Structure formats: C-alpha cells, structure tokens
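K.L.:
Give me the fold of what follows.
(chains A, B, C and D)
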There are 2 protein chains.
Amino acid sequence: MGKPCILVVDDDKEIVQAIAINLQKEGYDVRKAYDGLQALDIISTQSIQLVILDIMMPNLDGLSAVLKIRQEKNIPIIILSAKSEDSDKILGLSMGADDYVTKPFNPMELMARVKSQIRRYMTLGDMNTADKPNILKTGGLWFNPDTCEVTVDGEPVKLTATEMRILELLMRNPGRVFPAEEIYERVWNEPAYNVENTVMVHIRRIREKIEINPKEPKYLKVVWGIGYKIEKI
Amino acid sequence: MGKPCILVVDDDKEIVQAIAINLQKEGYDVRKAYDGLQALDIISTQSIQLVILDIMMPNLDGLSAVLKIRQEKNIPIIILSAKSEDSDKILGLSMGADDYVTKPFNPMELMARVKSQIRRYMTLGDMNTADKPNILKTGGLWFNPDTCEVTVDGEPVKLTATEMRILELLMRNPGRVFPAEEIYERVWNEPAYNVENTVMVHIRRIREKIEINPKEPKYLKVVWGIGYKIEKI
DNA sequence: CATATTTCTTAAGAATTTCTTAAAAGGAGG
DNA sequence: CCTCCTTTTAAGAAATTCTTAAGAAATATG
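P.N.:
Have a look, this model is predicted:
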C-alpha cells in the first residue's frame, strides 16, 4: 500500500528539514507544515500515518493541535518539545499524544520511536482503517486508498487500478499541477517518452467517471500547457 | 470489558510495589513478576493488556524478554531502565517495545505513558483472542478465529489452515484491499517473490468454499490490478 | 478572423492480469 | 514406508485494461 507518510510540524524550518531527511532515509514519505493550522489542513485532506509535532508554534498551539488531530484521525502523534518538565510530558500524553520527545533530541532515537509507533499502528491498526479511514476529500469527491473506494456525492464510482493511482497522486497534492510527464513517471515508475496522449486518455476516462459534466470538469482540471490538477475545494 | 490488566516486571520488589499501587489508583488490575521467565509464564497464561518491564533482570534479560513477548502477544510494552544512553533506548524500541522510560522516573509520567498506550491499544481494537470470544462477521459469513469455525448462512464450512489465515486477515480488515504480495507476506511471514499465483489459487479455493457462486463472489472480491478484499456488509 | 497549437474523443487491437484446471511437490500421521 | 491431505507450480483460457493513432474540438495567438 505504499510507504507510510509522515507529517512533520515545526515552525523551525531547519528542524523540519533535518527530520524530513532522516525520515526519507528510512523510506518514509514526508509532508511538512510550519504551523498548526497548516498541519490540520494537510491531515484532513491527505493520507497521513503519523505526525511529529512541535508543541510551541504560532497560530495554533501544539497541544490544541494534538486534540484536534485526535478528534479527526486516530493516527500516532509524537510531540516534540523544548519543555522537559515532567508536567509537560504528562499534559502532552494525556492530550492524546503517543510519545513525547524533548529537544534537543538524538535523531536516531526519534527514528526508533517513529518506527515503533508505525509498527504498532500497522500491525494492530488495520481495523482502524475501517473505523477512521484516511480518506482523501475534495468537495463531493472522496477517495479511500485503503479500500479503493471512490464516491462522488456519495455515489460509488468504479475506477481501474491505473485510474486510481493517478487520482491518488493528484488528490494527495490538491491544487498542485502535474505535467503529464510527471504523472506518467510517478504512476508507471518508468521514464516518460511520448506518453502525453496515454495520460490524457486516462484523464479523460477518470473525468467520465467522476465528473457530472466531463466537458466542464469540477474536480479534475487542466492548466493549459502545463498539466492537470485536482481542484482544492 | 473489565479493567485493563497490567503486568509489572522488575527484580526490585519495592519498585514493583510502588508502581502497582499507582496503577491500582488509576483503576487498573495489576500482576507482578520479579524476573523474565516468571513474566513470560504470566503473559502466556493470563490476560494481560500491557507490560511494564525492567530490562536489567536475572534469568532472562529484559531485551530478550521483549522479543519473546512480541512473538507471543501483540500487547504494548513499556521498558523501564536505569540506562539512559540513547543507544539503549534505540535498541529497546527496535526490539519491539512501545515506550522507554529511564530510572529514576516520575510516577505520574509513567502513568501518563501507560494511559496513552492503553488508549491506543483499546481504540485500535486489537482483540486479545484469549480475552473475548471474537467472532468476525460480514453478512452471512461468520468466522471464529478461536475455534476455527467458519459458517456461511449458518452452514459450517471446512477451511484449511492457510485458507483460514488468509480469511482472518481479510475479515479483520473488512473493505480494505490487500495486494497478493501483502497477503503472502503476512500469512506466510516470508518475503513475497513470484507468489501471486499461489495466493490466487488459495483465494480461488476459499471462494469455492464460502461463495454460493464463486464466479460472482459476494464476500471475497477482487479489485483489478490491486488486490483482494472482504466486502463490508 | 484566420491560423497554429494544444487538448479531447473515439474505437480497435495489444498487452496485461486474473481465472481455471490439472498435476507435481511437500508434510503429517499411521 | 505408505497414504492422504495440503500447498505450490505451471500453462492455457478468459476477461479486462491499456495503448495507439487519427480526426474533432477547443483555445491561444497574431
């Protein structure tokens, strides 16, 4: 089902970057956010399997963010904090966090804790996908990568494997425009050579299935001369 | 559901006692062990939901104990240790522990970490098969992993061991689509190499037994190019 | 408004994936 | 050592999807 995707949230971009590099070395996908609101947005629209979160941030403080994330999804949360007071740890954990790491931290220890959480989430967390699925949503278009279910305004839609992979790519990055070449390379895992047409035909078929009026697409739009995107709704 | 039961393992009886009192205050049941072998015995014979374990013990060292516990049950393990070296933490976590607390520790922090683990263990809904009779149902298809009984609309069906393991995996995650490779790895516990056919034949045999019309399966469906799933009914 | 460029549509054949069937290989129990 | 049951392998059949290519439509440009 692809590599686990981990969201790193900290207002210090350097720290985010450092953690991200380590995570990628371990084979994880990474998303980055620099404040709590951004983090919540990503969590509710993308499929995230674990959150690493600094609790001292602008906009929305970390502890509230933990609460909100808990409300929305049942994924592991690791708190990062400069506060090493026991009372802070207790507070963080009782807010719903799954682990608490104090700055400065050993990157290797953080990785070990991440792995531990992911392993637990994976091995006994299968059931939770049924309960609190990581559904990608934009407007009335919902996609559940775990069950391969796609619905438009509640109506189920049947996509083929390739169609789903394309849709997943676009929906995981709402608003971002993907050139046909990039879509091909990322979906087929092959270098793209003279494949614009191929991608286009697939786009067309997806539109036929998910759009009410394929000629005036609501979700799957084209940006002339650049590529395709899923509208961020 | 009963209160969660927590096993505390340490060769220092005073520490065990102190932790036990705290746990009982929080409303947990407690079991005590003073070395690794005793701990393993209790874990394999009693219903335990979480283990707190000192890793420096006579008879069986703590890290091996963690490994053995992991093999046997999928319950959360919190390591207690006087070693606060990062390398020790990393080792402990990668052995399969879920958290690592260094001595001396704040009892309240330990309680917070216990609660966090228990909450996750509960909400993710892993069934400790020893505890609860735990029948998986989707529509008319019932499966009791404890007694290995499978019935379709009340009619008993005889599955082989492998068939049951596959069915169990799928039924524990209704709706979720599993690629043949993943099924193989999780059922056989071996890396999957050129095994799609093997899995497929087993799927076919399961269908033959549980489906009224194997050609139009009601329960065990395929998602083209992706994998198999048990329909969520 | 005319032209050039880009995207869209369509349908058929190629390619891939899954299904079926049968038989060989592997293991457990007597 | 033999028998029976389970698991794996293999190959051809069937079903579905993917790709190609060519003409139509739409959009940008001058």
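
K.L.:
Going by C-alpha atoms from here, please, whenever you check contacts or count neighbours.
P.N.:
Will do.

K.L.:
Tally up the residues packed near the residue lying closest to residue A:104 once chain neighbours are set aside, please.
P.N.:
Excluding the flanking residues, the one nearest residue A:104 by Cα to Cα, 6 or more residues apart in numbering or on different chains is residue A:82, at 7.1 Å. Applying other Cα atoms under 10 Å in any protein chain shown, we find 14 residues neighbouring residue A:82.

K.L.:
next one: residue A:155
P.N.:
Residue A:155 has 11 nearby residues by other Cα under 10 Å.

K.L.:
same check, this time on residue A:104
P.N.:
Counted with other Cα under 10 Å, residue A:104 comes out at 11.

K.L.:
How is it assigned, secondary-structure-wise?
P.N.:
coil (DSSP: H, G, I helix; E, B strand; the rest coil).

K.L.:
Name the helix or strand for the closest residue to DNA strand C within chain A, please.
P.N.:
Residue of chain A nearest DNA strand C, by Cα to the nearest atom of the strand: residue A:225 (3.5 Å). Under the criterion DSSP states H and E, no helix or strand holds residue A:225.

K.L.:
Torsion angles phi and psi at it?
P.N.:
With angles defined as degrees, to the nearest 10, residue A:225 sits at phi 70, psi 0.

K.L.:
Quick check: the gap between it and chain B.
P.N.:
Residue A:225 sits 31 Å away from chain B, going by Cα to the nearest Cα, to the nearest Å.

K.L.:
That residue: neighbouring residues, count only.
P.N.:
For residue A:225, the neighbour count with other Cα under 10 Å is 7.

K.L.:
any idea how far residue A:167 is from it?
P.N.:
Distance from residue A:225 to residue A:167, counting by Cα to Cα, to the nearest Å: 20 Å.

K.L.:
what do you get for residue A:197?
P.N.:
17 Å.

K.L.:
Tell me which of the two has more neighbours.
P.N.:
Just comparing residue A:197 and residue A:167: by other Cα under 10 Å the higher neighbour count belongs to residue A:167, 23 against 10.

K.L.:
before we move on, back to that, the residue nearest to residue A:104: what's it in contact with?
P.N.:
Residue A:82 makes contacts with A:102-104, as judged by Cα atoms under 8 Å, 6 or more residues apart in numbering or on different chains.

K.L.:
what would those residues look like in TSV with pLDDT and distance to DNA strand D?
P.N.:
Below are those laid out as TSV (pLDDT from 0 to 100; distance: Cα to the nearest atom of the strand, whole Å):
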residue	pLDDT	distance to DNA strand D
A:102	89	46
A:103	85	47
A:104	87	47
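
K.L.:
Tell me the gap between stretch A:223-233 and the middle of its chain.
P.N.:
Offset of stretch A:223-233 from its chain centre (Cα atoms, centre = their mean, to the nearest Å): 19 Å.

K.L.:
Report the separation between the two terminal residues of that stretch.
P.N.:
16 Å.

K.L.:
Now look at that stretch and say if it contacts DNA strand D.
P.N.:
Yes. Applying Cα under 7 Å from any atom of the strand, one finds stretch A:223-233 touching DNA strand D at residue A:224.

K.L.:
Not counting sequence-adjacent ones, nearest residue to residue A:83?
P.N.:
Take residue A:83 and drop its neighbours on the chain: the residue closest to it by Cα to Cα, 6+ apart is residue A:102, 6.5 Å away.

K.L.:
quick revisit: which of the contacts of residue A:82 sits closest to residue B:48?
P.N.:
residue A:102 (30.2 Å; Cα to Cα).

K.L.:
My understanding was that that closest one contacts residue A:86; is that so?
P.N.:
No. Under the criterion of Cα atoms under 8 Å, residue A:102 is not in contact with residue A:86, lying 10.6 Å apart.

K.L.:
Skipping adjacent residues, who's closest to the residue in chain A positioned nearest to chain B in space?
P.N.:
Closest to chain B within chain A is residue A:147: 4.1 Å, counting by Cα to the nearest Cα. Nearest non-adjacent residue to residue A:147, counting by Cα to Cα, 6+ apart: residue B:176, 4.1 Å away.

K.L.:
if I look at the one you found, how far off is residue B:202?
P.N.:
18 Å.

K.L.:
Which one of those two is surrounded by more residues?
P.N.:
residue B:176 (26 against 15).

K.L.:
Can you give me the domain boundaries for chain A?
P.N.:
A:5-131, A:136-230 (automatic domain parsing).

K.L.:
What average pLDDT does stretch A:212-225 get?
P.N.:
Mean per-residue pLDDT for stretch A:212-225: 83.

K.L.:
mind listing what's buried in it?
P.N.:
For stretch A:212-225, burial by neighbour count (16 or more other Cα atoms under 10 Å in any protein chain shown) applies to A:214, A:217-222.
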